[in-house]
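Peer 1: have a look; sequence and predicted model below, questions after that.
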Amino acid sequence: MHSVFRVNDIKQTVSNSRLWEVQLSLTGDNDPQLATLTQCIKGELWGSTGWHRLGDLMLKVGHLNQAEELYNELMKNSSSDSDRAHIYHMLGFLKNDQGQYKEAVSFYEKSLEIYRKTLPEDHSSLANTYNNIGLAYDNMGNYSKALEFYEKAIKIKEKSLPPNHPDLATSYNNIGEVYRNMGNYSKALEFYDKSLKIWEKSLPPNHPNLATSYNNIGLAYDSMGNYLKALEFYDKALKIYEKSLPPNHPDLATSYNNIGAAYCAMSNYSKALEFYDKALKIYEKSLPPNHPLLATSYNNIGMAYSGQGDYPKALSYLEKALAIWQESLPPTHPNIKGAMNNIDYVKKKM
């Protein structure tokens, strides 16, 4: 068997901006689970050339700025419509991860415009683009628009893919996310369960998508007030993320953040702050300063300090959260109203 390495970091070389240095650590050939995961992720990398697949790898490990530089360079040298459509799609994916959701939709639409020149509306190649447009609208809080695109994607996938295909699980998971965001938790769990059953059959047990599924199920139980059940699923997710992702990956931070939220809801504020602090340190290293997830982190820390009765400290974090959300989200997004309510509550307590 070939040697298997963990990707610790990817950074641009100082002497040549066209080269990247990849820091690896050898894991050993006697780790069959990691070897299986590596082969699985290698097969998932998307792109017609090694450069395109490198860009996708950078996105998967959370190196967004390097991926953006690479895709912009590839766009300058693209020679065909199919290349340009692929790069626009990946830039949309990248912008979504950066929290720039309108820009993400714009890139996805550019990609669709090219594909539609030669493909019908329900072609299997378009399903992922419809799915990702839905994800961007979901992140903007436009849930009806998100469902519209998710349903376009799922109709295509159900016709063109076998019933246990991982891409179907992704669609079910995303529809579950919309229902959870809309407060329909039983419907969310129904779709999360569909997704989980497929991923458990089709993916290795340490695959990050499985962790995402456990995490989302935890979020649904959390929203229903069943915090111990939520922590059970959050812990499953965290164990996978810690094994399969680099230590500064945003998904790992999200996992810490969710565990913190469950402890906060149980009024264990010191334990909550312990996990919130872990999350914030990763977000500050891995995300741009106006990313909505950073605001979520600040908001959560603020509410934990509020729970402890430290209202001046709480206000400081809540105002940071509101400023980022007002800059990065549509004015009607529920997070903005929630932050304003939290600030009003804290000010009344001071």
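Peer 2: Perfect, I can see it now.
Peer 1: show me where the stretch 151-300 of the chain has its helices.
Peer 2: 166-181, 185-202, 208-223, 227-244, 250-265, 269-286, 292-308 (DSSP state H, counting those that start in this stretch).
Peer 1: angle of the fourth one against helix 208-223?
Peer 2: Taking axes from the mean of the first three to the mean of the last three Cα atoms, to 10 degrees, helix 227-244 and helix 208-223 form an angle of 160 degrees between their directions.
Peer 1: what of the fifth one?
Peer 2: Using the same axes, to 10 degrees, the interaxial angle of helix 250-265 with respect to helix 208-223 works out to 20 degrees.
Peer 1: dump the helices of the stretch 151-300 of the chain to CSV, plus distance to residue 332, mean pLDDT and mean neighbour count.
Peer 2: All C-beta atoms are positioned from the backbone trio N, CA, C, and that covers glycine. CSV is the format used below for these (distance: least, Cβ to Cβ, whole Å; pLDDT from 0 to 100; neighbours: other Cβ atoms under 10 Å):
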stretch, distance to residue 332, mean pLDDT, mean neighbour count
helix 166-181, 14, 93, 23
helix 185-202, 22, 95, 19
helix 208-223, 21, 94, 24
helix 227-244, 28, 94, 19
helix 250-265, 24, 94, 23
helix 269-286, 24, 95, 20
helix 292-308, 14, 96, 23
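Peer 1: can you lay out those as a markdown table showing distance to residue 155?
Peer 2: Rendered in a markdown table, the data for these read as follows (distance: least, Cβ to Cβ, whole Å):
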| stretch | distance to residue 155 |
| --- | --- |
| helix 166-181 | 10 |
| helix 185-202 | 15 |
| helix 208-223 | 22 |
| helix 227-244 | 29 |
| helix 250-265 | 28 |
| helix 269-286 | 35 |
| helix 292-308 | 29 |
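Peer 1: residue 64 is nearest to which of the ones you listed?
Peer 2: Across these, the minimum distance to residue 64, taken as Cβ to Cβ, is reached by helix 269-286, at 7.8 Å.
Peer 1: on that earlier part again, among the helices of the stretch 151-300 of the chain, which is nearest residue 69?
Peer 2: Across those, residue 69 has its closest neighbour in helix 269-286 (16.0 Å, Cβ to Cβ).
Peer 1: which secondary structure elements does that closest one contact?
Peer 2: When contacts are defined as 3 or more Cβ pairs under 8 Å, 6 or more residues apart in numbering; DSSP states H and E, helix 269-286 packs onto helix 250-265, helix 292-308.
Peer 1: need those helices in a markdown table (columns: distance to residue 280).
Peer 2: Converted to a markdown table, these look like this (distance: least, Cβ to Cβ, whole Å):
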| stretch | distance to residue 280 |
| --- | --- |
| helix 250-265 | 8 |
| helix 292-308 | 5 |
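Peer 1: out of these, flag the one nearest residue 79.
Peer 2: Nearest to residue 79, of those and by Cβ to Cβ, is helix 250-265 at 33.3 Å.
Peer 1: which helices and strands does the closest one pack with?
Peer 2: Counting contacts by 3+ Cβ pairs under 8 Å, 6+ apart, helix 250-265 packs against helix 208-223, helix 227-244, helix 269-286, helix 292-308.
Peer 1: relative orientation of the third one and helix 250-265 in degrees?
Peer 2: Just to be clear, that refers to helix 269-286. 160 degrees.
Peer 1: now the first one
Peer 2: Here helix 208-223 points in a direction 20 degrees away from that of helix 250-265 (the same axes, to 10 degrees).
Peer 1: between helix 208-223 and helix 185-202, how many degrees?
Peer 2: 160 degrees.
Peer 1: just the CA trace of helix 208-223, in CSV.
Peer 2: Provided in CSV are the C-alpha atoms of helix 208-223 (Å, rounded to 0.1, in the frame of the first residue of the first chain):
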residue,chain,number,x,y,z
PRO,A,208,-16.8,14.0,7.7
ASN,A,209,-20.2,13.7,6.1
LEU,A,210,-21.3,11.3,8.8
ALA,A,211,-20.1,13.8,11.4
THR,A,212,-22.2,16.5,9.7
SER,A,213,-25.3,14.2,9.9
TYR,A,214,-24.7,13.5,13.7
ASN,A,215,-24.2,17.2,14.3
ASN,A,216,-27.4,18.2,12.5
ILE,A,217,-29.4,15.6,14.4
GLY,A,218,-27.9,17.0,17.6
LEU,A,219,-29.0,20.5,16.5
ALA,A,220,-32.6,19.3,16.1
TYR,A,221,-32.7,17.7,19.5
ASP,A,222,-31.0,20.8,21.0
SER,A,223,-33.8,23.0,19.4
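Peer 1: which residues are in contact with that helix?
Peer 2: With contact meaning Cβ atoms under 8 Å, 6 or more residues apart in numbering, helix 208-223 is reached by 166, 169-170, 173, 176-177, 180, 183, 185, 188-189, 192-193, 195-196, 199-200, 203, 227, 229-234, 236-238, 240-241, 244-245, 251, 254-255, 258, 261-262, 265.
Peer 1: the second one too?
Peer 2: Here helix 227-244 makes contact (Cβ under 8 Å, 6+ apart) with 34, 37, 205-208, 210-212, 214-215, 217-219, 221-222, 249, 251-252, 255-256, 258-259, 262, 265-266.
Peer 1: the strands in the stretch 1-150 of the chain, which residues?
Peer 2: 5-12, 20-26 (DSSP state E, counting those that start in this stretch).
Peer 1: pick out the shakiest of those, pLDDT-wise.
Peer 2: When the strands of the stretch 1-150 of the chain are compared on mean pLDDT, strand 5-12 scores lowest, with a mean of 61.
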